[in-house]
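J.: structural data only, the sequence is not supplied:
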């Protein structure tokens, strides 16, 4: 019986490759040895090498092209990673007491701008929910959200008077893709009123679209009160 004597893990290979890049042994634009040669060097399978190089490519250190091999990138392409936190968790992490309030909930035909943004059919049904999130009695976030009924038919029976739409979606339907946009917009009358800001005041705004495979699930626009801070690492 042949025993598997492989002891080198893909993490070991990643560390070694990164050390060679950072030490200058493998300069920018250097073509790495092929996977088979690396497998021999590290006494492991080609699959293990492939995983290590693939992850380093995903992390922005390498460029992989079919039939052209794997090269060291001249400038690492680092990717910022964001989580999609529940507002309750954000408030409580800052030491506040979370409070939620529904502003309005209604079925509407998707407006033209939403149909264009999500590639919906004209007049396709959507649930429009507006709600407020507070830290104690202080406004924290005003949320304006559209949920596509065809993608999430359960929303027809949803009641957002006590549970926010984001919490409900997390419990009800998964998502596979997210588009996240940050912008400085001016508070319209609704956002200004709920966040206790002068109308037209610049306000930190986030737009989030989620999909389930090729189906758009929801479009949400979140306006944050003054002092909100978002931090990421890469």
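T.: Arrived safely, thanks for sending. The model shown is predicted, which means the values in this text are computed figures rather than measured ones.
J.: can you report how many residues neighbour the nearest residue to residue 220 once chain neighbours are set aside?
T.: What sits nearest to residue 220 in space, not counting adjacent residues and going by CB to CB, 6 or more residues apart in numbering, is residue 145, at 4.2 Å. All C-beta atoms are positioned from the backbone trio N, CA, C, and that covers glycine. Residue 145 has 22 neighbours, counted by other CB atoms under 10 Å.
J.: what of residue 30?
T.: As a burial measure, residue 30 scores 14 neighbours (other CB under 10 Å).
J.: make 13 the first number, not 1, from now on.
T.: Got it, the first residue is 13 from now on, which makes the last one we talked about residue 42.
J.: is it true that it touches residue 86?
T.: No: at 10.0 Å, residue 42 does not count as touching residue 86 under the criterion of CB atoms under 8 Å.
J.: re earlier: give me the phi and psi for the residue nearest to residue 232.
T.: phi -130, psi 140 (degrees, to the nearest 10).
J.: try residue 64
T.: phi -60, psi -50.
J.: so what's the residue count around it?
T.: 26.
J.: thought it was touching residue 30?
T.: No: using CB under 8 Å, residue 64 makes no contact with residue 30, being 9.8 Å away.
J.: so where is the chain shaky, pLDDT-wise?
T.: In the predicted model of the chain, residues 13-18, 89-95, 245-246 satisfy pLDDT under 70.
J.: just the helices in it please.
T.: 22-35, 47-54, 58-70, 99-105, 124-130, 177-184, 201-207 (DSSP state H).
J.: ok, residue 139 - contacts?
T.: 117, 118, 119, 120, 158, 159, 161, 167, 168, 170 (CB atoms under 8 Å, 6 or more residues apart in numbering).
J.: any idea how far the third one lies from residue 113?
T.: If I follow you right, that is residue 119. 20 Å (CB to CB, to the nearest Å).
J.: do the same with residue 178
T.: Counting by CB to CB - residue 178 and residue 113 are separated by 14 Å.
J.: looking at the two, which is more packed in?
T.: residue 178 (22 against 12).
J.: is it true that that one touches residue 232?
T.: Yes: look at residue 178 against residue 232 with CB under 8 Å: they come within range, at 7.2 Å.
J.: what's the neighbour count on residue 209?
T.: 19.
J.: which parts of the protein are strands?
T.: 74-77, 81-84, 110-121, 137-147, 150-160, 189-198, 214-224, 227-236 (DSSP state E).
J.: need those in a markdown table with distance to residue 68, can you?
T.: Shown next, in a markdown table, are the strands of the chain (distance: least, CB to CB, whole Å):
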| stretch | distance to residue 68 |
| --- | --- |
| strand 74-77 | 5 |
| strand 81-84 | 9 |
| strand 110-121 | 40 |
| strand 137-147 | 39 |
| strand 150-160 | 37 |
| strand 189-198 | 23 |
| strand 214-224 | 28 |
| strand 227-236 | 32 |
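J.: picking that back up, distance to residue 192 added to the helices of the chain, as JSON lines?
T.: Shown next, in JSON lines, are the helices of the chain (distance: least, CB to CB, whole Å):
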{"stretch": "helix 22-35", "distance to residue 192": "27"}
{"stretch": "helix 47-54", "distance to residue 192": "34"}
{"stretch": "helix 58-70", "distance to residue 192": "18"}
{"stretch": "helix 99-105", "distance to residue 192": "15"}
{"stretch": "helix 124-130", "distance to residue 192": "14"}
{"stretch": "helix 177-184", "distance to residue 192": "13"}
{"stretch": "helix 201-207", "distance to residue 192": "19"}
